[in-house]
Each structure stands twice: as structure tokens, then as C-alpha cells.
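In: predicted model follows, preceded by the sequence.
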Amino acid sequence: MSAARQVPAAAYFRSPFHIRPGTVVFDRDKEMVGVARQAVGQVVTVDRPSGLAWEVPYRRLRPGTTREVHQLRALARLHRIRRRGLT
């Protein structure tokens, strides 16, 4: 069993207004990285390059790390390559 990674409290969003569209975020419930599309009230819509979208309370999100930004770019690249092969 691995120990949970500790993230400083300052790394979490204090308000949904701090989450701008296009911000790379990590959903702690789904354990997935995505891009914030919009925030309405306390809920943020998050997208993945594959087209998967979900809504999550902003308190369950934290900013994506540098590694997670690279991961998201790699997922987008892989999705583009796969889509190109299917057409």
C-alpha cells in the first residue's frame, strides 16, 4: 500500500472564482487530471482530451502539477493519433 501524497493546503482552490477556464486541475475523487471548462456556483465542469466531461465541487479539485500537465498533453497527443487512425 502506498502512502497518500501530501499536498500543501495552499495548493487547493479557496474559491471557484480562482479556477479559470483552461486551468489544468486534478480531481481528487476520480483521481484524474483534466481541464476546467467552466465554473457555475460551487460546481466546475472538467474535460479530458477524450471528450469525457464531468462536474465536480470545486473543493475536490487542486491545481495540476507539472507532471500532470505533461500527462494531459500526452493523453491529448495519443487521442489525436488514435482518432487520425480511425478516419
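Out: That came through, no problem.
In: which one's the longest strand in this protein?
Out: If you go by DSSP state E, the chain has its longest strand at strand 32-40.
In: and that strand, what does it pack against?
Out: Packed against strand 32-40 by the contact rule (3 or more C-beta pairs under 8 Å, 6 or more residues apart in numbering; DSSP states H and E) you find strand 24-27, strand 43-47, helix 66-86. No exception for glycine: its C-beta is placed from N, CA and C like everyone else's.
In: who's in contact with Gly41?
Out: Counting by C-beta atoms under 8 Å, 6 or more residues apart in numbering, Gly41 touches Pro16.
In: distance of it from Arg80?
Out: With distances taken as C-beta to C-beta, to the nearest Å, Gly41 is found 33 Å from Arg80.
In: same question, Gln38
Out: With C-beta to C-beta as the criterion, Gln38 and Arg80 are 23 Å apart.
In: no further queries at this time; thank you.
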